[in-house]
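K.L.:
please work out how this folds:
(4 chains)
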There are 4 protein chains.
Amino acid sequence: MSKNETVAEHQHGYIHAKDDYLKRLRRIEGQARGLQRMVEEEQYCIDILTQVSAMTKALQSVALGLADEHIAHCVVGAAREGGSEAEIKLKEASDAIARLVRS
Amino acid sequence: MSKNETVAEHQHGYIHAKDDYLKRLRRIEGQARGLQRMVEEEQYCIDILTQVSAMTKALQSVALGLADEHIAHCVVGAAREGGSEAEIKLKEASDAIARLVRS
Amino acid sequence: MSKNETVAEHQHGYIHAKDDYLKRLRRIEGQARGLQRMVEEEQYCIDILTQVSAMTKALQSVALGLADEHIAHCVVGAAREGGSEAEIKLKEASDAIARLVRS
Amino acid sequence: MSKNETVAEHQHGYIHAKDDYLKRLRRIEGQARGLQRMVEEEQYCIDILTQVSAMTKALQSVALGLADEHIAHCVVGAAREGGSEAEIKLKEASDAIARLVRS
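P.N.:
Numbering: from 1, shown residues only, chains lettered A, B, ... in the order given. Next up is the predicted model:
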């Protein structure tokens, strides 16, 4: 394995589940198209809102999965090496979690 | 104006801004495609999470707009007429808001 | 019934359930004290976070209840009378819902 | 330093800021009492909802602080030692973050 591959695997915990994430994001893209069709066909607001909630939950679930793998791989990896890189990674993860909680 | 048109306008407060909602939903669909590209290109998790948060906020904003117009048109309209329809509409709106707050 | 009582009932939908809201808020106050005790006793972070989530859910539930009753009583009441007051009430409710969704 | 002290410091990242957390939780308790007073005095729903949003944000902020310190100290500490304890800690943190995002 080349150094680059090691680094890539180290940095991106989600890569081992890349196909799964792509599949979920394609489904979310489909939900966005479904919402356009609902608005186009002038469907009932409440039904549209129900679909928006389902899509938001699907997105949140992708975000939680990515955050978990980021902490398990990247943050922990940087922490093992220590130094300023560890602190930067912790700060980044903390900010990303705060954005998720507040969005 | 035909009876159907009146009913449609009454039921779907978002219709007067239909093109605006379609535009926002197309942009959200584009964000979903952008996320797939980021995962495909194995970009940094934190950058992907930042995009997910932006997309979640855009979706929430669509949902809040739809909920507002639903209350202003449909709930208030039903309430003016009174009876069990008014109660059903209030319960539906209440459930939709709860789903938004909890998602 | 005096005019003031009518107005009060009209404006504050939650009043018929005032005791219930007070009871729930006292329980939430108790949860805030429980959290202080947990931190004081240096309990495990994850257990504290679980309690914070429970308390946040309890608060959200109070907020959703108040918002429902506000829409059912105050917003609908103002809408029946029409005019600029109706628009102000709708805007206020819309802003309050947005704050709930985003907090 | 005794073994117990080491363990305590290791497990509870928030301890170095214990007084700060206690202060914030006392303020949150005060907000819960303030809300009871507002309901008691039959204040305007929207003003009560504004206070509930402020209190929810304060609680979220405490939770995000605790989660950060937990990841920086406990999760990273367990990960350095490796083994099943590391996996348990990552799973616990992941579940706690999911509860925060969804509440």
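K.L.:
other SSEs contacting the lengthiest helix in chain A?
P.N.:
The longest helix of chain A (DSSP state H) is helix A:45-69. Using 3 or more Cβ pairs under 8 Å, 6 or more residues apart in numbering or on different chains; DSSP states H and E as the contact test, the elements touching helix A:45-69 are helix A:18-40, helix A:83-102, helix B:45-69, helix B:83-102, helix D:83-102. For the C-beta atoms, the positions are set from N, CA and C on the backbone; glycine is no exception.
K.L.:
now that helix: mean pLDDT?
P.N.:
In this model, helix A:45-69 carries a mean pLDDT of 95.
K.L.:
list the buried ones in that helix?
P.N.:
Buried residues in helix A:45-69, defined by neighbour count with 16 or more other Cβ atoms under 10 Å in any protein chain shown: A:45-46, A:48-53, A:55-56, A:58-60, A:62-69.
K.L.:
about what we covered before: what's the most buried one of the helices and strands packed on helix A:45-69?
P.N.:
helix B:45-69 (a mean of 20; mean count of other Cβ atoms under 10 Å in any protein chain shown).
K.L.:
list the contacts for the spatially closest residue to residue A:93 that is not a sequence neighbour?
P.N.:
Setting aside the residues directly before and after it, residue A:93 is nearest to residue A:75 in space (Cβ to Cβ, 6 or more residues apart in numbering or on different chains), at 5.1 Å. Residues counted as contacts of residue A:75 (Cβ atoms under 8 Å, 6 or more residues apart in numbering or on different chains) are A:89, A:90, A:93, D:71, D:75, D:76.
K.L.:
rerun at 7 Å
P.N.:
Taking Cβ atoms under 7 Å, 6 or more residues apart in numbering or on different chains, we find residue A:75 in contact with A:89, A:90, A:93, D:71.
K.L.:
now swap in residue A:46 and tell me
P.N.:
Contacts of residue A:46 (Cβ under 7 Å, 6+ apart): B:70, B:92, B:96.
K.L.:
need those in CSV with distance to chain C, can you?
P.N.:
Formatted as CSV, the contacts of residue A:46 follow (distance: Cβ to the nearest Cβ, whole Å):
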residue, distance to chain C
B:70, 11
B:92, 11
B:96, 10
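K.L.:
can you tell me, leaving aside adjacent residues, what's nearest to the most centrally placed residue in chain A?
P.N.:
Nearest to the centroid of the C-alpha atoms of chain A, with distances taken as Cα atoms, centre = their mean, sits residue A:63, at 2.9 Å. Excluding the flanking residues, the one nearest residue A:63 by Cβ to Cβ, 6+ apart is residue B:52, at 4.5 Å.
K.L.:
residue A:27 too?
P.N.:
residue A:58 (6.9 Å).
K.L.:
does the one you found really touch residue A:30, like I thought?
P.N.:
No - Residue A:58 is beyond contact range of residue A:30, at 10.2 Å (criterion: Cβ atoms under 7 Å).
K.L.:
dump the residue contacts of the residue nearest to residue A:71 when sequence neighbours are not counted.
P.N.:
Nearest residue to residue A:71, sequence neighbours excluded (Cβ to Cβ, 6+ apart): residue A:93, at 5.8 Å. Listed by Cβ under 7 Å, 6+ apart, the contact partners of residue A:93 are A:70, A:71, A:75, D:71.
K.L.:
contacts only, for the first one.
P.N.:
For residue A:70, the contacting residues are A:13, A:93, B:45, B:46, by Cβ under 7 Å, 6+ apart.
K.L.:
distance of the second one relative to residue A:25?
P.N.:
Translated: residue A:93. Residue A:93 sits 21 Å away from residue A:25, going by Cβ to Cβ, to the nearest Å.
K.L.:
so which residues on chain A come close to chain D?
P.N.:
For chain A, the residues in contact with chain D (Cβ under 7 Å from any Cβ of the partner chain) are A:60, A:64, A:67-68, A:71-72, A:75-76, A:79-80, A:90, A:93-94, A:97-98, A:100-101.
K.L.:
now do 10 Å
P.N.:
Contact residues (Cβ under 10 Å from any Cβ of the partner chain) of chain A with chain D: A:57, A:60-61, A:63-65, A:67-69, A:71-72, A:75-80, A:82, A:86-87, A:89-91, A:93-95, A:97-98, A:100-103.
K.L.:
could you find the closest non-adjacent residue to residue A:36?
P.N.:
With sequence-adjacent residues excluded and distances taken as Cβ to Cβ, 6+ apart, residue A:36 is closest to residue B:25, at 4.7 Å.
K.L.:
so which of the contacts of residue A:70 would you say is closest to chain D?
P.N.:
Top of the list for closeness to chain D, among these and by Cβ to the nearest Cβ, is residue A:93 at 6.8 Å.
K.L.:
phi and psi next, for residue A:44.
P.N.:
Here is the backbone geometry of residue A:44 (degrees, to the nearest 10): phi -70, psi 130.
K.L.:
okay, now it: neighbour count?
P.N.:
By the criterion of other Cβ atoms under 10 Å in any protein chain shown, residue A:44 has 14 neighbours.
K.L.:
I'd say it and residue B:73 touch.
P.N.:
No - judged on Cβ atoms under 10 Å, residue A:44 makes no contact with residue B:73 at a distance of 11.9 Å.
K.L.:
residues in contact with the residue nearest to residue A:36?
P.N.:
By Cβ atoms under 10 Å, 6 or more residues apart in numbering or on different chains, the residues touching residue B:25 are A:31-40, A:48, A:52, B:58-59, B:62.
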